[in-house]
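A.B. asks: my questions concern the predicted model and sequence given below.
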Protein chains: 2
Amino acid sequence: MEQEDLKRIQMKLPFLQDAEDKLLQEFSRLVRIQMIPAGTTVFWEGDVCHSLAVLLSGSVRVFKAGENGREITLYRFGPGGGCILTASCIMNDGNFPAIAQVEEEAEAVIIPANVLRDWVNRFYSWRQFVLGLLAQRLADVITTVEEIAFRRMDARLAEWLLANRTQESRFVQTTHHKIAEELGTAREVISRLLKDFEMEGLILLSRGEIEIHAPEKLKLKMK
Amino acid sequence: MEQEDLKRIQMKLPFLQDAEDKLLQEFSRLVRIQMIPAGTTVFWEGDVCHSLAVLLSGSVRVFKAGENGREITLYRFGPGGGCILTASCIMNDGNFPAIAQVEEEAEAVIIPANVLRDWVNRFYSWRQFVLGLLAQRLADVITTVEEIAFRRMDARLAEWLLANRTQESRFVQTTHHKIAEELGTAREVISRLLKDFEMEGLILLSRGEIEIHAPEKLKLKMK
DNA sequence: ACGGCTTGGTGACTTAGTTACATACATTAC
DNA sequence: GTAATGTATGTAACTAAGTCACCAAGCCGT
């Protein structure tokens, strides 16, 4: 890896900014950079993991799939985030318990499993990075449990719409199917609830796009 | 801590069996043993954590509570297990994202947060222990998500009954309310499903106790 | 025996998930 | 342009799950 590549990567990965010199040296020697196109499945459920991918750009969605074709998002991560379930696998030799898929084309640094393990033992900054990622993921998934166990679907849908609108804060470009996978329910349920929202004048539906008419009123639906 | 105490603890905590001598020394100097009676709430949601409890006996249940009084179990742990959400808190200075409560009276070793942090940096065996716990919890919670997002309540109930019967493998001593909290649903739902099972001749209901009549047939309900 | 508490039962209603289609729009093939 | 195909959405009917309101039976202490 070139010196300028390392500089660029350091900008994007905070833990490298105050990392040990030795870690930086080994980093530029042992890690390779790779572009991963949108749609690529990084890990399948049950895979044994041989490396950890840490993102420099793009985003990855980690989700569970049920037999009936339904899905639910566990969490997603972007630049600076890593597919840490892989690390957890490496630690206790287990298999990957979910599916990880690139959503927006990603640039990632790929760290082989044995290197990762070695670094955990030798470098404080890397240790903090890995433990921080694991703890964050645990918190994310616990939040997901809370959502699906206790909150109503209309409230979750309202929140999702508001969180995923564009800058102009009026439009959401997606399909009912994708929202359903996001929230872990069936497409029909989403279609029904969206229709209800439209009846109440909160939103306006068209193919592949939802226009938010009354964001304030939609906010009230959140709880 | 006495030498014989340490020996006893080593028997119960596998990671101490091939631990560094120095870790064992500091362990017996810095850690205290404590009995915690059943019903004690070890951590409340939002608590800042100052120590990690690792169990020698007994069991702890970690759960989320919703506003409406409902609960759902995230995971539980017994001897050798630790309340690792606390460790995750210590790492990134966050708050405890759930409630942890002692179910069966527990004997625990209490490790102060600063000691825990120090050990993570210095001892391989302790590092493995902490990472292993975190990874295990993550896997547990992901399993919980899968359960509530995709499986039907009657299947989950059947599985729970079979998993929680006594040695004689016929009786489960609990209340409908407790099962509901376990599975993250309402008491009425559990009562209704149990009644259905009774109608089908699978179980026999009485106050505070459920007798399993036809375990094989109940097993079929699991999926 | 009385009163209060815990546990379980039940009906009516709302919300969510499933099944099975029908319809509308968009893209490509001809 | 029109047909064919695939994707996206609409909807009705039904089952499963969650909520609300209340009642009844068992249990415990005085």
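C.D. replies: Structure received.

A.B. asks: might you enumerate the residues of chain A proximal to DNA strand D?
C.D. replies: Listed as neighbours of DNA strand D in chain A under the rule Cβ under 7 Å from any atom of the strand: A:175-177, A:187-188, A:191-192, A:194-195, A:205, A:207-208. (C-beta placed from N, C-alpha, C; glycine too.)

A.B. asks: can you flag which of these belong to helices?
C.D. replies: A:176-177, A:187-188, A:191-192, A:194-195 (DSSP state H).

A.B. asks: now for the residues you listed: which two are most distant?
C.D. replies: A:177 and A:195 (15.1 Å; Cβ to Cβ).

A.B. asks: not counting sequence-adjacent ones, nearest residue to the most centrally placed residue in chain A?
C.D. replies: By Cα atoms, centre = their mean, chain A has its centre lying nearest to residue A:76, at 1.0 Å. Spatial nearest neighbour of residue A:76, excluding adjacent residues (Cβ to Cβ, 6 or more residues apart in numbering or on different chains): residue A:61 at 4.5 Å.

A.B. asks: list the contacts for that neighbour?
C.D. replies: A:73, A:76, A:100-101, A:103 (Cβ atoms under 8 Å, 6 or more residues apart in numbering or on different chains).

A.B. asks: tell me the domain boundaries of chain A?
C.D. replies: Following automatic domain parsing, one finds the domains of chain A at A:3-146, A:151-221.

A.B. asks: any chance of CSV for those domains, columns mean pLDDT and distance to residue B:80?
C.D. replies: Compiled in CSV, the domains of chain A are given as follows (pLDDT from 0 to 100; distance: least, Cβ to Cβ, whole Å):
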stretch, mean pLDDT, distance to residue B:80
domain A:3-146, 91, 14
domain A:151-221, 96, 33
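
A.B. asks: which of the ones you listed is buried the deepest?
C.D. replies: domain A:3-146 (a mean of 18; mean count of other Cβ atoms under 10 Å in any protein chain shown).

A.B. asks: inside helices: which ones of the contacts of residue A:61?
C.D. replies: Judged by DSSP H, helices contain none of these.

A.B. asks: which two among those residues are spaced furthest apart?
C.D. replies: A:73 and A:100 (11.1 Å).

A.B. asks: show me what contacts the closest residue to residue A:131 other than its chain neighbours?
C.D. replies: Spatial nearest neighbour of residue A:131, excluding adjacent residues (Cβ to Cβ, 6+ apart): residue B:91 at 4.7 Å. Under the criterion of Cβ under 8 Å, 6+ apart, the neighbours of residue B:91 are A:128, A:131-132, A:135, B:117.

A.B. asks: can I get these in CSV including distance to residue B:167 and secondary structure?
C.D. replies: What follows is the contacts of residue B:91, written out as CSV (distance: Cβ to Cβ, whole Å; DSSP: H, G, I helix; E, B strand; the rest coil):
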residue, distance to residue B:167, secondary structure
A:128, 46, helix
A:131, 40, helix
A:132, 43, helix
A:135, 38, helix
B:117, 42, helix
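
A.B. asks: let me see the contact set for the residue in chain A that DNA strand D sits nearest to.
C.D. replies: Nearest residue of chain A to DNA strand D, counting by Cβ to the nearest atom of the strand: residue A:175, 3.2 Å away. Applying Cβ under 8 Å, 6+ apart to residue A:175 gives the contacts residue A:208.

A.B. asks: now residue A:103
C.D. replies: Residue A:103 makes contact with A:38, A:58-61, A:76 under the criterion Cβ under 8 Å, 6+ apart.

A.B. asks: filter these down to just the ones in strands.
C.D. replies: Judged by DSSP state E, these include A:58-61, A:76 as members of strands.

A.B. asks: hang on, residue A:213 packs against residue A:204?
C.D. replies: Yes. Using Cβ atoms under 8 Å, residue A:213 is in contact with residue A:204, at 5.7 Å.

A.B. asks: still on that earlier bit, so what's the residue nearest to residue A:76 bridging to?
C.D. replies: Note on residue A:61: beta-bridge partners by DSSP bridges are residue A:76, residue A:101.

A.B. asks: got the contact list for stretch A:108-122?
C.D. replies: Stretch A:108-122 is contacted from outside by A:9, A:13, A:22-23, A:26, A:30-36, A:49-56, A:58, A:86-87, A:90-91, A:126-127, A:130, B:124, B:127, B:131, using Cβ under 8 Å, 6+ apart.

A.B. asks: one more time with 7 Å, if that's ok
C.D. replies: Residues outside stretch A:108-122 that contact it (Cβ atoms under 7 Å, 6 or more residues apart in numbering or on different chains): A:9, A:23, A:30-34, A:36, A:49-56, A:87, A:90, A:126-127, A:130, B:124, B:127.

A.B. asks: over to stretch A:180-193?
C.D. replies: So stretch A:180-193 is contacted by A:70-73, A:148, A:153-154, A:156-157, A:160, A:176-177, A:179, B:149 (Cβ under 7 Å, 6+ apart).

A.B. asks: do that stretch and DNA strand C meet at all?
C.D. replies: Yes. Stretch A:180-193 is in contact with DNA strand C by Cβ under 7 Å from any atom of the strand, via A:184-186, A:188-189, A:193.

A.B. asks: next, format these as TSV and append distance to residue B:109.
C.D. replies: As requested, the residues of stretch A:180-193 next to DNA strand C are exported to TSV (distance: Cβ to Cβ, whole Å):
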residue	distance to residue B:109
A:184	39
A:185	43
A:186	47
A:188	52
A:189	48
A:193	50
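
A.B. asks: residue B:17: which of those is nearest?
C.D. replies: Distance to residue B:17, by Cβ to Cβ, is smallest for residue A:184 among these, at 41.8 Å.

A.B. asks: which one is the closest one nearest to, not counting chain neighbours?
C.D. replies: Computed as Cβ to Cβ, 6+ apart, the closest residue to residue A:184 that is not its neighbour in sequence is residue A:72, at 3.1 Å.

A.B. asks: next one: residue A:137
C.D. replies: Closest residue to residue A:137 apart from its sequence neighbours, by Cβ to Cβ, 6+ apart: residue A:84 at 5.5 Å.

A.B. asks: ok, residue A:67 next?
C.D. replies: Closest residue to residue A:67 apart from its sequence neighbours, by Cβ to Cβ, 6+ apart: residue B:150 at 7.5 Å.
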